[in-house]
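Visitor: The following block contains a protein sequence and its predicted model.
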Amino acid sequence: MNLQTLGWNTYFEEHFEEYKQQGYEVGRVTLEHKKVYRVLTKYGELLSEVSGKLRFQALERQDYPAVGDWVVISPRVEEQKATIHAILPRKSKFSRKAAGLKMDEQIVATNVDTIFLVNALNSDFNLRRIERYVLTAWESGANPVIILSKADLCKNVEEKIQEVESIAFGVPIHAISAEQNIGLEQLASYVFEGQTIALLGSSGVGKSTLTNALFGSLKQEVRTIREDDGRGRHTTTHRELIVLESGGILIDTPGMRELQLWDADDGLSQGFSDIEELAESCRFRDCSHSKEPGCAIQLAILEGTLDKSRYASYVKLQRELAFLERKENRQAKLAEKARMKQLTNGQKKNRK
């Protein structure tokens, strides 16, 4: 397997040099299943597990490999297995808060160059959801591209594109129908050898159909949407990195019922630059944008140059990030307290 075909470049080469001198090899994670990883290497695919040292040193989810990672390995080619000793620094990382009450990070994909944010042009079309995806994509370090799928089912495609343009400044938008082979030529400039594309979106928006269209054969199972409400069904059940025969790499992901933010302050500024620029024109520096005189944001809403629902979405995301930060800080303090207690108990035992 040619490593350049898998996205290997000078960035990873530089960080791998010290391991290379020690005789280690390198590979890219294509699949993760209960701490067992499939890793593509120059020897082919190897079933891999992390070393005891790496597991002992891992404190958080991000310390373990994820789909898209380049990992340092010692291969056992005759067994078609390998041990993972380290993770090379990530160029990009798309994360969200894991489902549940705990403050856990779920890494969706790493080392992605472009993120295809797939949204269907049907009854499930939602501008607020697109805002959230764009925000998280900017934060990841990859370049977002909005894919409006199932264009053959929409009678007002241009109108929908204009709506998306109003909330995703500077983000490329492409309306396609993978099933009808409409608009796929627009995506050719993103998909070429060495480039990694991640497909993200809700269930049933057409990610698997798009994967099959780009792959050139039936790679992923496709299921129809529910007829009663137009909402999607889960098709992809796991994250997987797929090497395209025509060049390029795809990371297909399961549909997300919700996308809870994880550390997206920079993405908020980039995704809502129009609102933050307006805020700088307010008369008062500490303007709350409610009833103060000279508020540029309230004036823009009144004049119709800023959509009220977009500003409400901005405020909601701000509050969500602030709440996330408070919980993270509290959890970090509790973890540090538990660590110090464990250290103190260990010292007492040693003295005995």
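Guide: Here it is on my side, so go on.
Visitor: What ranges does the stretch 151-300 of the chain have for its helices?
Guide: Taking DSSP state H, counting those that start in this stretch to define them, one finds helices in the stretch 151-300 of the chain at 157-165, 207-215, 265-271, 273-279, 296-303.
Visitor: For the residue lying closest to Ile146 once chain neighbours are set aside, list the residues it contacts.
Guide: Of all residues not flanking Ile146 in the chain, Ile173 sits nearest, at 4.6 Å (C-beta to C-beta, 6 or more residues apart in numbering). Placement of C-beta: from N, CA and C, glycine included. By C-beta atoms under 8 Å, 6 or more residues apart in numbering, Ile173 lies in contact with Val145, Ile146, Leu148, Ile161, Val164, Glu165.
Visitor: One more pass at 10 Å, please.
Guide: Going by C-beta atoms under 10 Å, 6 or more residues apart in numbering, Ile173 touches 117, 119, 130, 145-148, 160-162, 164-165, 186.
Visitor: Neighbour-wise, give me the winner out of those residues.
Guide: Ile147 (27 neighbours; other C-beta atoms under 10 Å).
Visitor: Pairing partners for that residue in the sheet, please.
Guide: Val118, His174 (DSSP bridges).
Visitor: Hmm, Gln318 is touching Ser288, no?
Guide: No. Distance between Gln318 and Ser288: 11.9 Å, which falls outside the contact criterion (C-beta atoms under 10 Å).
Visitor: more crowded one of these two?
Guide: In this view Gln318 and Ser288 are compared by other C-beta under 10 Å, and Gln318 has more residues nearby, 14 against 10.
Visitor: thinking again about what came up before, what's the least confident stretch among the helices of the stretch 151-300 of the chain?
Guide: If those are sorted by mean pLDDT, helix 265-271 sits at the bottom with a mean of 63.
Visitor: next one: stretch 286-295 to chain centre, how far?
Guide: 35 Å (C-alpha atoms, centre = their mean, to the nearest Å).
Visitor: need the strands for the protein, in chain order.
Guide: For the chain, applying DSSP state E gives strands covering 25-33, 36-41, 44-50, 70-76, 81-87, 93-97, 105-110, 114-120, 143-149, 173-175, 196-200, 240-243, 249-252.
Visitor: Give the pairing partners of the fifth one; include direction for each.
Guide: Here strand 81-87 has these sheet partners by DSSP bridges: strand 44-50 (parallel), strand 70-76 (antiparallel).
Visitor: okay, those strands, which one's buried deepest?
Guide: Mean neighbour count (mean count of other C-beta atoms under 10 Å) peaks for strand 70-76 among those, with a mean of 22.
Visitor: Now that one: average pLDDT?
Guide: For strand 70-76, the per-residue pLDDT averages 97.
Visitor: report the angle between the axes of that strand and strand 25-33?
Guide: 100 degrees (axes from the mean of the first three to the mean of the last three C-alpha atoms, to 10 degrees).
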